[in-house]
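Enquirer: Take this sequence and fold it.
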Amino acid sequence: MPQESILYKALFNSAADGIIILNHKGLIQAFSPAAEALFGYCADEVLDQNVSMLMPESVAKDHDHHLEQYLKTGQAAIIGRGREVIAKRKDGSLFDMHLSVGRADYADQPPAFVGICHDLTQYKETLHNFERVDMRYRSVFDSQGLYIVRMQLSGDIMLANKTFAALVTGEGKGLNGDENFLQCLDDASQEEFKTRLAFLAKGGENEFKLPLTIRTPYQKTDVEWWIKRVTDLDGTHIQAVGIDISEKVVASNEAYFLKYFDDITKLPKLEYVRKRFEALDCDQDDQVYAFVQFEVSDYKRMIKLSGENVVASKLRKISTIIEQNPAIEFASRLIEGRFLVIYKIPEEVDVHEYVPSRIQHLRKLLNNQVVISSELDAGYTLYDPQYSFDHGVVRAKMALAYARENELACCFYNQAIQRDYDRRKQVERGVVRALGYKDIAVHFQPKINLQTGEVCGYESLMRWHSEQLGYVSPLDIIKTVYELDLVIDLDKYIIIQTLDAIQQHREVFSASTPVSINMSAKSFARRDVIEFLILALQERDLPAEIIEVEVTEDAVLSIGDVVKANAELLQNHRINICLDDFGTGYSALSYLGKLPLDNLKIDRLFINEIKTHRGRVMLEAIISIAKSLNLTVTAEGVEDQEQAKLLQELGCDYAQGFLYAKALAPETLESFLFERAQMVPRMGASRSF
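Expert: Below you'll find the predicted structure:
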């Protein structure tokens, strides 16, 4: 075998690209192994077949014509050069192929043609993927939602997208090319980024998130950056991708403000002040601090009379005065009209002169600038480093409560106040337990007819003797239930206890001697409480007339539809209504004609003044008005015969007080009535039902 034939076969069989040899008629004369793999045919299947079988129909139909024209004219666009064509495999699938065609001439023979076929499928896919990646990158790079910057380790900007350029220039133009990223940041962010750049330059963390504030021509923008150190052929650089988080920062700031600052006064809340104060090192500098709580005493009345907007404006003025006071180190609005201020006490001053003088100065400023008509109650204590911040706050609150209850302008916390506070807390816990275990009893104070001397009724009064606390006054019980929001619970409790006692002692009580039950203003305005009373009477088969409801003036201060409807419901069930403590609250004679009242009870304060000319004149006027409205009149707190005689002369109908009897346990009433009958022979009213 000639050496050329051996070399030809070696090249033909081992070539990576397919080789096809055609004669001048376009018939396949040779088909290399690579061509077999490319087209899916065996050589035997294609030899002496027209090469058009390897082409799509749209090209194959014109192939012979083009070959004939070439042989005639010698003009061709494909001989000696390569081009991309569409080829067809045995299974009919089409693919991209690079075709190079060469001509081989032989003596006295027609020319032959050699085609070199290279599959472009993988190349095309790779190119397509590159284009797709490029488009995605270009889309991301030009995204208006992202800031993209590439910079050197010095911060010099190498590349930035239009979105970032527009942010820092305030216009749609690009950067000049000599900007440094640090120049785009505000001062605080510059220091932060310088530190991170130095860390990156030394080979520190490769990538991290970092919120920075961009300084723009019109405003500042908060941007969270994802920063990564990258190394390529151009060296080591920083790739930074950022997103605008300004709205997130604003929302976060608003949430922070709402959490730590009062929305009306803008003063910090107690939790924030606690953190700030605890950051001080009070042990080291021996600095003395005074915790002062003060309160606008008639805050609720201001709301009623002026409205919330006016009061809010006054609260803001109060906060402004506090913030402008250099002596006040910290301040907070605690609740409604109550504030906490912390004074930093100067050295070598008498604390108990300095603090009251500061409070008095503050009181003058508030009265002059805010125009508050109420007194400013205040209590204070000195901070003790041995105890917590909250101890100081609580002790100042105790002192304020003591000042308010005892009508003092200012009060300093002491152990007596602490004992009173501890007892109050014990009472609070005890009241809750007593209501649950029915430890609070009801006693009955007789009401006397001043004309006949007979017992004409009773008032149900609560009495509580605790094993732990001893005797607890009704005033303390009432004060506690108001603080614990148990007023409705107590009223219902007294209703049940009273009706149970009446049912158990039917030989004592009758419809002609009704029992007065005190009802709070809150309960009197609740339909369910009124219905609760009526249902409780019916369940015990007691006549409704055996009960009278006593309400204080604040119950009728605002006579709305609910109060009127409740009063009418009681009237329809033959339950009388008595207006208690007349003249001590929000007195207005117009109230007497707006509700179906039956009885008027005069407070003991007026009875105490009956022996004076002024007191007698006032009582005479009250009784006269009541009589003109067909109301009976009861005087409470009668303690001697002279008071009883004067009341009788003025036309008062009934009286109750220690002159006749204190509140008695229900089981002792029968003996009391017997003794009373001996004193008043004419008394002989039936007590049967």
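Enquirer: Residues in a beta bridge with residue 100, which ones?
Expert: On the basis of DSSP bridges, residue 100 is bridged to residue 82, residue 116.
Enquirer: So what does the residue lying farthest from the centre of the chain look like in phi/psi?
Expert: Taking Cα atoms, centre = their mean, the residue of the chain most remote from its mean C-alpha position is residue 108, at 102.3 Å. Backbone torsions of residue 108, given as degrees, to the nearest 10, read phi 60, psi 20.
Enquirer: Just the pLDDT at it, thanks.
Expert: With respect to pLDDT, residue 108 scores 75.
Enquirer: next one: the one 5 residues further on
Expert: The confidence metric pLDDT takes the value 87 at residue 113.
Enquirer: Report the separation between the residue nearest to it when sequence neighbours are not counted and residue 407.
Expert: Leaving out its chain neighbours, the residue that sits closest to residue 113 by Cβ to Cβ, 6 or more residues apart in numbering is residue 22, at 4.5 Å. Quick note: C-beta positions are derived from backbone N, CA and C, even for glycine. Noted for residue 22: a distance of 123 Å to residue 407, by Cβ to Cβ, to the nearest Å.
Enquirer: Any stretches of the stretch 551-689 of the chain with poor pLDDT?
Expert: 555-559, 583-593, 680-689 (pLDDT under 70).
Enquirer: the more surrounded of residue 22 and residue 407?
Expert: Counted by other Cβ atoms under 10 Å, residue 22 and residue 407 do not tie: residue 22 has more neighbours, with 20 against 9.
Enquirer: so the more buried one bridges to which residues?
Expert: According to DSSP bridges, beta-bridge pairing links residue 22 with residue 28, residue 113.
Enquirer: and residue 616, what does it touch?
Expert: Contact analysis of residue 616 by Cβ atoms under 8 Å, 6 or more residues apart in numbering lists 609-610, 646, 650.
Enquirer: how does it look with 10 Å?
Expert: Neighbouring residues of residue 616 by Cβ atoms under 10 Å, 6 or more residues apart in numbering: 606, 609-610, 646, 649-650.
Enquirer: What subset of those residues is buried?
Expert: 606, 610, 646, 650 (16 or more other Cβ atoms under 10 Å).
Enquirer: Out of those, list just those in helices.
Expert: Here DSSP state H is the test, and the buried ones among the contacts of residue 616 give 606, 646, 650 as lying in helices.
Enquirer: which residues does residue 191 contact?
Expert: Residue 191 neighbours (Cβ under 10 Å, 6+ apart): 182, 185.
Enquirer: gap between it and residue 213?
Expert: Plainly put, residue 191 is 12 Å away from residue 213 if you go by Cβ to Cβ.
Enquirer: quick one: common contacting residues for the two?
Expert: By Cβ under 10 Å, 6+ apart, the residues touching both residue 191 and residue 213 are residue 185.
Enquirer: one step back: can you lay out the contacts of residue 616 as CSV showing distance to residue 275?
Expert: Converted to CSV, the contacts of residue 616 look like this (distance: Cβ to Cβ, whole Å):
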residue, distance to residue 275
606, 54
609, 55
610, 60
646, 65
649, 69
650, 65
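Enquirer: ok, so of the residues you listed, who is nearest residue 618?
Expert: Nearest to residue 618 among the contacts of residue 616: residue 606, at 6.3 Å, using Cβ to Cβ.
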